[in-house]
Structure formats: structure tokens, C-alpha cells
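Asks: I would like to see how this sequence folds:
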Amino acid sequence: MGEVRVSEHGGGVALATIANPPHALMDEEIVIGLEALAERAESDPELTAVVITGAHPERFVAHYDVAELLDGSRRSPSVTPAVARASLGAVGTVRRVPGGREALARTPAAGLSAAERFGEILLRFNTCGAVLVAAVNGSAMGGGCELALACDFRLMAAGPHVIGQPEILLGFPPGGGGTQRLARMLGTSAALGICIDGGPLDPGSAAEIGLVDDVVAAEELLERALELAARLGSRPKAAIAAVKRAVHLGGSQPLPAGLRLERAEFMAALTSKPAERAMAAYVERLERTGELPCYDRDALQRALERGRFG
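Replies: Residues are numbered from 1 along each chain as shown. I've put the predicted structure just below:
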């Protein structure tokens with residue numbers, strides 16, 4: 001039985017370990033665990049960062065359970081892309097009604113419901129105020145790659161591991177955000193190559209094109225990921241959420257719309273109490289020392305360590 005095990009590591013940092021033996025597949029049970037994690041990341045003010053890793057010694061998340069996808073395909077009617085878009089919207093609405101999820105599980109829409117839910121959870125990762133770090137301890141194909149892409153930062157263990165989007169080899173495109181996040185992260189050409197070829201990338205190649213941020217010795221991976229999570233999670237949570245929304249949502253819009261979204265997030269955060277306190281501390285130090293804190297090496301280093309001025 002699969003589960004997402006969450007343990008606390010102090011300082012507002014949690015470690016979420018995905019365990020689903022024997023193959024480390026993404027399936028409905030893991031999706032349920034990720035949904036609970038997303039809810040906590042959104043609602044718990046004390047949770048500032050989450051490291052996600054796999055329990056399997058050689059796999060982060062292998063890929064989505066193809067047997068589960070096949071069952072969903074057989075239970076769902078054949079549809080065109082236009083009908084699928086409308087159906088996913090309707091399924092999402094029903095699922096949010098009390099009792100709707102249980103009702104959908106007994107209908108041909110069950111497959112559509114699972115697909116819509118997985119993508120929705122990963123989008124919530126992109127807009128919550130917690131920093132998410134993927135500690136990719138092994139191979140991550142398909143849904144495993146998409147989970148890593150939905151995290152804010154990705155560290156991958158060195159070794160004979162692979163990462164990529166092989167869905168095309170099964171006759172369908174990535175469905176958990178792989179095409180969209182790859183295109184935004186790496187550009188159109190790289191996204192097309194990864195998703196149409198379907199072949200895997202080794203850790204070094206993934207780092208070279210920017211799919212992962214760094215390749216780390218396996219024995220150092222968790223320590224490095226937890227350190228990164230603790231450092232970046234020390235920033236104000238509301239400001240982290242504002243940055244993530246502006247980057248993930250605004251960056252995919254035409255420039256004028258993206259700039260409007262960024263300005264809205266800026267104004268909302270600027271008028272918050274945490275921002276007011278940090279700005280007051282900055283001005284107070286400037287008046288006291290005559291030096292801009294951003295150009296005072298010691299003051300800047302302390303702010304970086306604490307996550308804020310003041």
C-alpha cells in the first residue's frame with residue numbers, strides 16, 4: 001500500500017517520503033497523500049518548506065501506474081480534446097462538492113477525475129507559500145518527472161538514474177503538467193525533444209539543460225536538500241507565495257498580463273505587516289549606520305541567514 005510519509009525536521013521544514021513498493025509507482029493512494037501535503041503547505045503557517053524524496057533505493061517515483069491509467073481509459077468514454085477540456089472542468093466541479101469524489105469513483109468519469117486531480121495538486125504546489133525541494137534520489141520518469149518539475153528546486157542524486165517523459169511511447173502526451181512546465185523551464189525546442197523522443201536523460205544531462213538544479217552525491221542528497229529548504233524557507237511565507245504565483249502564473253501569460261499580476265502581488269505583499277517590519281528595520285539601520293544594509297556585507301549575510309531584514 002502506497003503512502004506519503006511526512007516527518008518534521010525542525011525550523012518549519014518537513015520531509016515527505018513517497019513509499020509505494022515494490023515499483024515506486026505514482027497511483028491514486030500517492031495522489032491522496034500529495035493532496036494532503038498540498039493542503040498543509042497552503043494552510044499551516046508553521047510549515048515553511050518541504051523536501052520530497054522517494055523511499056525506493058533507486059527510484060524517486062518510477063512513473064504513474066500504467067495499469068491504473070489503463071483502467072481509467074477503459075472506464076471513460078472516448079473523447080476529443082475539446083470535449084475532454086469541458087469534461088475535466090465539469091469533473092473538477094463535481095469533485096469539489098461534498099460526496100462528489102466518492103460518486104465519481106463509481107462512474108466512467110473516474111479516469112478523468114484522477115487525471116484532473118493530479119494536475120490540480122501539482123498546480124497548488126506552484127502557488128503555496130512553502131518552498132518545495134525535490135530530492136530526486138533515483139529515477140523519475142513520467143509522473144515522477146512531473147512531480148519533480150512542480151517543485152521549486154530539484155537536486156538529483158548522482159548515479160545510474162534517469163529522468164524524462166516517456167508517455168509518447170504509450171501513445172499519449174504527458175498529462176500532469178510535463179509539457180507545460182518543461183516548455184516554460186527549458187524552452188519550446190527542449191520540451192518538444194524530451195516529450196516527443198520519450199527517451200531518458202541521465203543526471204548530468206538533466207543538469208546541463210536545467211531540468212535539475214544540481215547533481216549531488218547520493219549520500220549527501222538529503223542533507224543538501226534539507227539545508228536548501230531550511231535556508232529558503234526562512235523567507236516570509238506570504239512573500240514566497242507571491243513570488244511563486246508571479247513566476248508560475250504570470251510567466252505563462254502575455255507580458256502585459258504577467259506584469260499586471262506581478263504588480264498586484266507586489267502591492268498586496270508591500271502592505272503586509274511582515275513587509276512593514278522588515279522595511280522599518282532596513283530604514284532604521286540605514287539611519288543608524290549611514291550605510292545601505294544591502295551593501296553592508298555583514299548585515300546582508302545576517303538577512304540571508306534569517307530570511308529577512310530586521
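
Asks: which stretches of the chain have low pLDDT?
Replies: Scanning the chain for pLDDT under 70 picks out 76-79, 81, 83-115, 255, 258-259, 267.

Asks: change it to 80
Replies: Within the chain, the stretches with pLDDT under 80 are 70-116, 252-272, 295.

Asks: residue ranges of the strands in the stretch 101-250 of the chain, please?
Replies: Assigned by DSSP state E, counting those that start in this stretch, the stretch 101-250 of the chain shows strands spanning 131-136, 139-141, 153-157, 163-164, 214-216.

Asks: Now do the residue lying closest to E29 once chain neighbours are set aside: how many residues are near it, please.
Replies: In space, and not counting its chain neighbours, E29 is closest to G2: 4.0 Å by Cβ to Cβ, 6 or more residues apart in numbering. For glycine as for every other residue, the C-beta is placed from the backbone atoms N, C-alpha and C. If you count neighbours by other Cβ atoms under 10 Å, G2 ends up with 19.

Asks: So for L222, which of the strands of the stretch 101-250 of the chain sits nearest?
Replies: strand 131-136 (5.7 Å; Cβ to Cβ).

Asks: I'd like to check which residues are in contact with the nearest residue to D152 once chain neighbours are set aside.
Replies: Once flanking residues are discounted, D152 sits nearest to L132: 5.0 Å by Cβ to Cβ, 6+ apart. Taking Cβ atoms under 8 Å, 6 or more residues apart in numbering, we find L132 in contact with 41, 49-50, 52, 125, 150-153.

Asks: most neighbours, which of those residues?
Replies: Result: A49 is most packed of these (other Cβ under 10 Å), 30 neighbours.

Asks: got a list of what that residue touches?
Replies: 12-14, 130-133, 229-230, 232-233.

Asks: Verify the contact between T179 and I168 for me.
Replies: No: applying Cβ atoms under 8 Å as the test, T179 and I168 come out as separate, 10.4 Å apart.

Asks: Mind listing the shared neighbours of those two?
Replies: Common neighbours of T179 and I168 (Cβ under 8 Å, 6+ apart) are C195.

Asks: the more surrounded of these two?
Replies: Neighbour count, other Cβ under 10 Å: between T179 and I168, T179 has more, with 18 against 15.

Asks: and the gap between that one and P173?
Replies: 6 Å (Cβ to Cβ, to the nearest Å).

Asks: you'd agree the residue nearest to E29 is up against L25?
Replies: Yes: the pair G2 / L25 is scored as a contact, 7.5 Å apart, by Cβ under 8 Å.

Asks: residue contacts, K237?
Replies: Applying Cβ under 8 Å, 6+ apart, the residues contacting K237 are 45, 48, 129-130.

Asks: Next: L226.
Replies: 9, 13, 15, 51.

Asks: can you give me the helices in the chain?
Replies: 28-43, 66-75, 81-95, 100-104, 110-127, 143-150, 178-186, 188-197, 203-209, 221-233, 237-248, 255-270, 273-289, 297-306 (DSSP state H).

Asks: Just say which of those helices is most tucked in.
Replies: Neighbour counts (mean count of other Cβ atoms under 10 Å) averaged over each of these peak at helix 143-150, with a mean of 28.

Asks: Does anything pack onto that helix? Which helices or strands?
Replies: Taking 3 or more Cβ pairs under 8 Å, 6 or more residues apart in numbering; DSSP states H and E as contact, the helices and strands that helix 143-150 lies on are strand 59-61, helix 110-127, strand 131-136, strand 163-164, helix 178-186.
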